[in-house]
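In: I need the structure of the sequence given here:
(3 chains)
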Amino acid sequence: MASVEHSDGQTLSGGEEVRRRDFINIAAVSFAGIGAVAVVVPLIDQMNPSADVLALASTEVDLSAIQPGQAIKTTFRSQPLFVRHLTPKEIAEADKVDPSTLRDPQTLEERTVDGKKQWLVTMGVCTHLGCVPLGAGEGENKGEYGGYFCPCHGSSYDTAARIRKGPAPKNLEVPEFAFTSDTAILVG
Amino acid sequence: MVRIGAFFVGLFFAGWLLVSFLMGAVAYVAEPPQPTVEHEFHLAPKHVSFSFEGPFGTYDRRQLQRGFQVFKEVCSACHSLKFVAFRDLEALGYNEAEVKAIAKQWAIKTPDVDPATGEMSTRDPVPADHFPKPFANNVAAAAANNNAIPPDLSLMTKARHHGSAYVYSLITGYRNQQGYRNEDGKELLKEFPDARTPEGLHFNPYFANLNLAMAPPLTADGQVTYGDGTKPTVDQMAQDVAAFLTWTAEPKLENRRRAGLATIVFLLIATGLAYMAYQNIWADKKKAA
Amino acid sequence: MSFPWAEHYTPKHPVMQWMDEKLPLPRLVYNAVGAGYPVPRNLNYFWNFGVLAGLALVIQIVTGIIMAMHYGANDLVAFATVEQTMRDVNSGWLMRYAHANGASFFFIVVYLHIFRGLFYGSYKAPREMVWLLGLVIFLLMMATAFMGYVLPWGQMSYWGAKVITGLFGAIPVVGEPIQTWLLGGFAPGNASLNRFFSLHFLLPFVIAGVIILHIWALHIPGSSNPTGVEVKGPQDTVPFHPYYTAKDGFGAGVFLILFSIMLFYAPNYLGHPDNYIEANPLSTPAHIVPEWYFWPFYAILRAFTVDFFFVPAKLLGVLAMFASILLLFFLPWLDNSPVRSGNYRPVFKKFFLILVIDVLILGYCGGAPAEEPYVMISQVAAAYYFAHFLIILPLISRFEKPLPLPGSITESVLHRHSIKGEQDALPGMGADPQPSNAG
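Out: Below you'll find the model as predicted:
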C-alpha cells in the first residue's frame, strides 16, 4: 500500500519517521482486515439453524399403541425416526449374535435403555448414504436379518438395527432419548 | 436543435404548472379548505418515559412480565400475537419450565389434526408454538366483534408513529365526547355536530379517526393482580402492556444496540487510523508539485 | 489506458507473471483502480461518492442474497418470513435492517454523486457516455428499489405496487393492458410478488455490469476534477493507488459510521410504520408515500392537477415525472458552456444553489400529504425544475461570462497553497515531518 510513500520517505528522511508512517498504514489496513473478518461472522452464522428450527429439535412419542412386533415411523429433526417394539423372539435373535463378529460391534443392551430392552429407537437413516430403510411399515421387506433393509444399495440390518450385510458402515444411529413415563419417550 | 426543443418542452411543463398553481391558488383563496374534525381534535401520543428509550436503553424485565400478564389476562381474549412464540418468553426472564407451563395453561388452544381421526381439533400449545389466535379467521373475528377485526398486536408499536407512547395513550385516552374540548377550548360537538361517535364505537382522541371500535380495555385499578407488588393502576397497566408490546415488535432491540456500540467504537478507531494513513500518504504531495 | 505516463504493471512474483500471461486480470485491476490509473491530484471529498456507491452496492448484494435465503416470495407467507428473519434467524435482524437502510444510503451517496457531476460539469464532453451510463444505473436502481420495497408485502408495499403500476394505467388505450400485464392480475397479488422478487434479484447484477461500463467509459478520458481543466502532464496526476485508495478508505470509514448509527440506533426512521401492517387489499393507508428517495419525483407527479385540453392531468403528471429524469440524458447538449466547473461560472453557481434547494423542497412536498399548501408549493418547485434544465441552463451557457480558469491543475493547487502561506517546496523536498492538512 505504501510503496510510493515509502520510497520517497526513505531517501529523504530518517528511518524513525518512515517506521512511524509505515506503522500507521499497516495498522489502518489491519483494522480494515479485522473489520472484514468480523463482518463475515454473522454472514456465516445466519445459515445455522434458526431459533424456530431449534425449537422443534425434540419429539415426544407415545408408545402405548405400539404392539410387540410393530414399529412406527415418526420424525425427529425433520428426519425419520423408527420406534420398534421388539418381540421376545427378536430380542433373543439379537442377543444370540456375538458382537465381536459384527462390523460395528454393539449389543442390544448398549442400544436400548436398561430394563426397557424391547423398545428399539433408531433414526430411519441408512448409514450408507442416507436413504430410509424399509421394515418399519406393515408388510415391508425387513431384509434377511429380520430388521431393516435399505433398498438403495441393499444394506441389511438385524433386529437390533445393527448392520449385517451391504455397504453401510455403521449401525442405525440411536438418538438420545429418555422415558418420560412408562409409555412415552422424549427424543432429543 | 436539442436546445430549441428543450426550450419548448420546458416552457410547456413549467407554464402549465404555473397555470395549475394559479388555478389552485385562486380556488384556495376563494374556498379555503375546511378543517376536518380529525385535524382539529386528533391528539399526538402523550409523553411517557420508558426504560428502553435512548441509545442505551434496555427493557425492564419485570415490567415486561407485568405487561405480558396484562396481555394475557386482558388483550389476548380478542387480539392475536401471531409472530411471537411461547419460547420467546424466555427473554422476559422466565425459565424453560415456566414457559412450558405458560404454554400448556394458555386459554386458547393450538389448532391441530387429531392423529386418530384426522379431524380438526386442538391441543395444548408447547413452547415451540406461536401464540394461538383467538379467532380462526378474519370472518370469525369480525362476526364476534361488531364487524371490527381486532388487529394482531405483534408489531403494533412499530406499525404506528411513536408506537409505545401510542399504545399507552390509546388505552388511557378514552374520553366522554359530550362536552369534550381541545386545548384551544373548542368544543367538539359544537364545532362538528355531525362527528358524534356512532353507536357501538368509542370516542378516543388518540385514535386516527377519533372513533374506536375497541371498548376501553382497562377500566379499573386492580383489574390485574401483579405478583411483584407493583400497584396495578390503569396507568401502570397501560405502561406495562405498552412496554411488553414494544418487546414483541422489536425483541432484538438490546442485541442491536450492543452490537451497534461495538461496531461504532471499532469504526471510529479504524476511521481515525484511515485518516492518519491518508494524511501520511499525501504528506509529500500536499506540499509541492 | 488514459495517459502515457501511467505506471505499468510489472508483476515480480513468478506466479503473478504466469497469471498475467494467461489471464491479465490483476493487470486490469491495476489499471482500473490501482497504481496504473493516473488521477488528477486535486480531487475534493465530493469525488469519494463513486467508490462509496460501489461499496453500497456490495452491501446490498451481500445482505440481499442473505435475505433471499430466508424469504418466501408468496403472498401468503412473505410478510411472515420477513418477520421470521427478524426474530428467529441468527443475525437476521442485522441483515434485514442493513438491507433496508443500505438502500437509503445507496441513494444518499448516488444523489451526492449526481449533484457533484451537475456542479462540476462532469457530464460534459468528453465524458457524456459516463454520464449517460450513470443515468442508466440510476434508473435501474429506482426500479430495483421499488420492487424491493414490495417484497415485505406490508401495506405500503402493496399500495405502492398498486399506485406505481397505476402510473402506466394513465397511458391512453394501452395503459390498462400494460398495468394488468405488469401485475399479472388486476391488482397486486402472488404473481406480481414473484416477478418482482425475480427481477429484484436480477437487476443488481445488471447494475454491476453497467457500473463496469461506467468505469470503462470514465477511464478513456480519465477523471474530471474540481477545476474542470483537463490534465496537462504527469505533474497534474497521482496514481489512484495509494493516493485515492487511502482517501477512499477514510471516506468509507465515515460512510460506515453514519450507516451504523442509522442501522443500529434508528433502523426504522426512514421507513414507514404502515409497512409493519400486513398487506390488506381492502383498506388503503391514510397517507401513501413512497420511500424518501422517490419523493421529489412523486411531488412532480402530483403537481399536475389541471387537464391540458384533452390530456388528463394524471397522464401529464406521469409524463412529467418520466421527463424529469429523461431530460438529464440531454444535459450534455443542453448546457454547452465551454467551462466545466461551477466554481468558474458565477451565474450558473447561483442557479445551481437554487436547484439544490428546489429539489429539497420537492422532496419535502413529495413526502407530505396531498393537500394544500404542499401541492401549490410543489407546482412552483416543479416548474422551476423543468425551467432550470430546459430553459435556464441553455441560456446561461450562452450569456454567462466565466471567471478566468487556472492554467493547469498544478497551478491551481500551488495557488491555493501559497494563499495559505505555506512554502512552495521544490519537487521532492516534501519530507517535512509535520504532515500538512491542507486541501
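
In: can you list the residue ranges for strands in the stretch 101-250 of chain B?
Out: B:110-113, B:120-123, B:202-203, B:211-212 (DSSP state E, counting those that start in this stretch).

In: list of residues touching the first one?
Out: Contacts with strand B:110-113, where a contact means Cβ atoms under 8 Å, 6 or more residues apart in numbering or on different chains, come from B:119-126, B:129, B:132, B:136. Just so you know, the C-beta spots here come from the backbone N, C-alpha and C atoms, and that holds for glycine as well.

In: how about those residues in TSV, adding neighbour count?
Out: Shown next, in TSV, are those (neighbours: other Cβ atoms under 10 Å in any protein chain shown):
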residue	neighbour count
B:119	7
B:120	10
B:121	14
B:122	12
B:123	15
B:124	13
B:125	22
B:126	18
B:129	19
B:132	21
B:136	11
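
In: which of these sits closest to residue C:148?
Out: The closest of these to residue C:148 turns out to be residue B:129 (Cβ to Cβ; 31.7 Å).

In: list the contacts of the closest one.
Out: The contact partners of residue B:129, by Cβ under 8 Å, 6+ apart, come to B:85-86, B:103, B:110.

In: which segments of chain B make up each domain?
Out: Domain ranges of chain B: B:1-33, B:37-83+B:151-251, B:260-289, per automatic domain parsing.

In: and these, which is most packed in?
Out: domain B:260-289 (a mean of 20; mean count of other Cβ atoms under 10 Å in any protein chain shown).

In: any stretches of the chain with poor pLDDT?
Out: In the absence of a named chain, this looks at chain A. A:1-18 (pLDDT under 70).

In: could you do chain C instead?
Out: Ranges of chain C meeting pLDDT under 70: C:1-2, C:417-439.

In: could you redo the last one with a cut-off of 50?
Out: Applying pLDDT under 50 to chain C picks out residues C:1, C:421-439.

In: find the centremost residue of it, please.
Out: residue C:110 (2.3 Å; Cα atoms, centre = their mean).

In: quick check: closest non-adjacent residue to it.
Out: Excluding the flanking residues, the one nearest residue C:110 by Cβ to Cβ, 6 or more residues apart in numbering or on different chains is residue C:53, at 5.2 Å.

In: give me the distance between that neighbour and chain B.
Out: 19 Å (Cβ to the nearest Cβ, to the nearest Å).

In: name the helix or strand for that residue, please.
Out: Assigned by DSSP states H and E, residue C:53 belongs to helix C:49-70.

In: could you do residue A:75 as well?
Out: Using DSSP H and E, residue A:75 sits in strand A:71-76.

In: distance between the one helix or strand residue B:10 maps to and the chain's centre?
Out: If you go by DSSP H and E, residue B:10 is part of helix B:2-30. Chain-centre distance of helix B:2-30: 42 Å, with Cα atoms, centre = their mean, to the nearest Å.

In: just give me the neighbour total for residue C:412.
Out: Using other Cβ atoms under 10 Å in any protein chain shown, residue C:412 has 19 neighbouring residues.

In: what sits closest to it if chain neighbours are left out?
Out: Counting by Cβ to Cβ, 6+ apart, the residue nearest residue C:412 is residue C:406, at 3.9 Å.

In: pull the number of nearby residues for that neighbour.
Out: So residue C:406, with other Cβ under 10 Å, has 18 neighbours.

In: residue C:15 now?
Out: Counted with other Cβ under 10 Å, residue C:15 comes out at 8.

In: what of the one 10 residues further on?
Out: Residues near residue C:25, counting by other Cβ under 10 Å, number 10.

In: measure the closest residue to it other than its chain neighbours to residue C:31 for me?
Out: The shortest distance from residue C:25 to any non-neighbouring residue, by Cβ to Cβ, 6+ apart, is to residue C:19 (7.3 Å). Distance, residue C:19 to residue C:31, by Cβ to Cβ, to the nearest Å: 15 Å.

In: these two: which has the busier surroundings?
Out: Taking other Cβ under 10 Å, residue C:19 and residue C:31 do not tie; residue C:31 has more neighbours (20 against 15).

In: secondary structure element for that one?
Out: Residue C:31 belongs to helix C:25-33 when assigned by DSSP H and E.

In: how distant is that helix from the center of its chain?
Out: On Cα atoms, centre = their mean, the centre of helix C:25-33 falls 24 Å from the chain's centre.

In: do stretch C:206-214 as well
Out: On the basis of Cα atoms, centre = their mean, stretch C:206-214 sits 13 Å off its chain's mean C-alpha point.

In: just the CA trace of that stretch, in PDB.
Out: Below are the C-alpha coordinates for stretch C:206-214, written out as PDB (Å, rounded to 0.1, in the frame of the first residue of the first chain):
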ATOM      1  CA  VAL C 206     -27.300  -5.800 -14.200                       C
ATOM      2  CA  ILE C 207     -26.400  -2.600 -12.300                       C
ATOM      3  CA  ALA C 208     -23.000  -4.100 -11.500                       C
ATOM      4  CA  GLY C 209     -22.500  -4.700 -15.200                       C
ATOM      5  CA  VAL C 210     -23.400  -1.200 -16.200                       C
ATOM      6  CA  ILE C 211     -21.100   0.100 -13.400                       C
ATOM      7  CA  ILE C 212     -18.200  -1.700 -15.200                       C
ATOM      8  CA  LEU C 213     -19.200   0.100 -18.400                       C
ATOM      9  CA  HIS C 214     -19.500   3.400 -16.400                       C
END
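
In: residues of that stretch that come out buried?
Out: Buried residues in stretch C:206-214, counted by 16 or more other Cβ atoms under 10 Å in any protein chain shown: C:207, C:210-211, C:214.

In: how about stretch C:392-409?
Out: Buried, per 16+ other Cβ under 10 Å, within stretch C:392-409: C:392-394, C:396-397, C:400, C:402, C:405-406, C:408-409.
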